[in-house]
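In: sequence unavailable; structure follows:
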């Protein structure tokens, strides 16, 4: 009897490297080099999560990493399992031309393109100024988050 | 005296940061303002001192949805200043990349931003739950447009392959034929989109706009043509300043534009269509008639049909350009800088995008001026707003607000593109 094929899993990293703590998703993507199985792609998105829907539709599970607004403690990490936690409330959206992560997940679900399992790591940022470097508190979260993501990927490949 | 002020602090489903303000006194509308408070962008100032070769990549950053419009207006202005004209397949490739921009921009607005207004949904996500196939098709259309921009521009957003004189690299024939099947499917989806939006309920509302668009002797316009209007204007693009004027208003970081002596005018799909209907292929004209459009449409709500028609046109035009494509011998013709002034005006998805650059002998930018379509349309959008609000003054605020927002979304404003720097006056005793 052949072993069951591994589930198709991807990591999605969102952010912009010119906007301070917004870069944290991209930094986690860099830190994941060498930590993931070869067939697990890391998809980078720099602002328009709409473009990710096609990639997600081909996956059984996706782990997303993004910065979020500060709720009091820069660098604090929130792990959301969207099959349990549900989506955070959606704002009106500042731009019509680019969707945020929550909106993209909601749209992919409405279109029945969403992976069965979606896990989101949201890292609280403090400074999103143009041209700023990531703050030390947020930079300190990069390696621990990358390790958590890698563990999730291994687990998701085996069982959904 | 009873005063009622309606504020819409953040307009949704338009690009950039804008707001509305209505003042109603004793049941009469006193003012209707589209307030644009998007921060100043400063592009014209930061272009000064840059060499001409850098201009297309810098102006592409003005907009993530219509960067090709800025690049095309810039390269045509530069070439005109230096006395060059790009012909043949390089010219065709420029039309082709513009097709990609119209497809992706119009598909996004028609299906994701505008359609929810007619079906009673607050946004595309909630519309997608009941119209999933429509939204999936819209995403496929947008992807087809993006694919054209990626192949010709190097990447979908803020492309980097356009240069004065042509391109840094031109595609092989096989790279373009690989997109044909995608574009054929996109054309079929666009035809279905036209038929779908044609069935929407449209308010019985028309305005007597003065339409302004490019007009070319043979083509539906992208990059070239004279500036014409429905009131008889017919000028070279270099005469823009003689006929048009921009002015600052306190409530907007976007300059307001007007025709000298006449005022507000409208650019964009309604204008382009009305002034160039005879330049559309017979098949597209027939589809427009099937969708209930005549050769002129003055109902801004029906602009959704015109945009869908333009997607069909862009798909057909792209397929024709690809079928006729032979890679040119050079990716770009060499340019020799010289001192002078150049003008460029092309048809962005939202209407004419006019550029003027002054260069020194080495090709460095001395001055730059960019007039985007949304700032040109602002006075007309406010006039629409006043007209539509006037018919609903007795309605509750929520109803009035919804109608006002719809009146703005009819024109797909790109507020981020339009923001300029307001002159700052400091008065000291």
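Out: Looks like it arrived, so ask away. These figures come from a predicted structure and were not determined experimentally.

In: tell me the pLDDT at residue B:94?
Out: We have a pLDDT of 98 for residue B:94.

In: for the one 3 residues further on, same thing?
Out: Residue B:97 carries a pLDDT value of 98.

In: that one reaches residue B:149, doesn't it?
Out: Yes. With contact defined as C-beta atoms under 8 Å, residue B:97 reaches residue B:149; the gap is 6.2 Å. The way it works is simple: take the backbone N, C-alpha and C, and place the C-beta from them, glycine included.

In: show me the common contact partners of those two, please.
Out: Counting by C-beta atoms under 8 Å, 6 or more residues apart in numbering or on different chains, the contacts common to residue B:97 and residue B:149 are B:68, B:159.

In: can you tell me the centre-most residue of chain A?
Out: By C-alpha atoms, centre = their mean, chain A has its centre lying nearest to residue A:64, at 1.7 Å.

In: correct me if wrong, but that one is in a helix.
Out: No. Under DSSP: H, G, I helix; E, B strand; the rest coil, residue A:64 falls outside any helix and is assigned strand.

In: bridging residues for it?
Out: Going by DSSP bridges, residue A:64 is paired in beta bridges with residue A:12, residue A:120.

In: from residue B:136, how far out is it?
Out: Counting by C-beta to C-beta, to the nearest Å, the gap from residue A:64 to residue B:136 is 21 Å.

In: same question, residue B:184
Out: Counting by C-beta to C-beta, the separation of residue B:184 from residue B:136 is 18 Å.

In: comparing those two, which residue is more hemmed in?
Out: Using other C-beta atoms under 10 Å in any protein chain shown, the more surrounded residue of residue B:184 and residue B:136 is residue B:136, with 18 against 14.

In: show me what contacts the more buried one?
Out: With C-beta under 8 Å, 6+ apart, residue B:136 has these contacts: A:111, A:113.

In: please repeat the previous calculation with a cut-off of 10 Å.
Out: Residue B:136 makes contact with A:53, A:57, A:111, A:112, A:113, B:111, B:128, B:189 under the criterion C-beta atoms under 10 Å, 6 or more residues apart in numbering or on different chains.

In: what does residue B:135 give?
Out: By C-beta under 10 Å, 6+ apart, the residues touching residue B:135 are A:107, A:110, A:111, A:113, B:111, B:112, B:115, B:124, B:125, B:127, B:128, B:129.

In: now, of these, which are buried?
Out: Neighbour counting by 16 or more other C-beta atoms under 10 Å in any protein chain shown classes A:107, A:110, A:111, A:113, B:111, B:112, B:115, B:124, B:125, B:127, B:128 among the contacts of residue B:135 as buried.

In: and those, which two are the farthest apart?
Out: Farthest apart among the buried ones among the contacts of residue B:135 by C-beta to C-beta are A:113 and B:115. That separation is 18.8 Å.

In: in chain A, what residue comes closest to chain B?
Out: Nearest residue of chain A to chain B, counting by C-beta to the nearest C-beta: residue A:110, 3.8 Å away.

In: residues in contact with that residue?
Out: Listed by C-beta under 10 Å, 6+ apart, the contact set of residue A:110 reads B:124, B:125, B:126, B:127, B:128, B:129, B:130, B:131, B:132, B:135.

In: which of the contacts of residue B:136 fall within helices?
Out: Judged by DSSP state H, helices contain the following of those: A:53, A:57, B:128, B:189.
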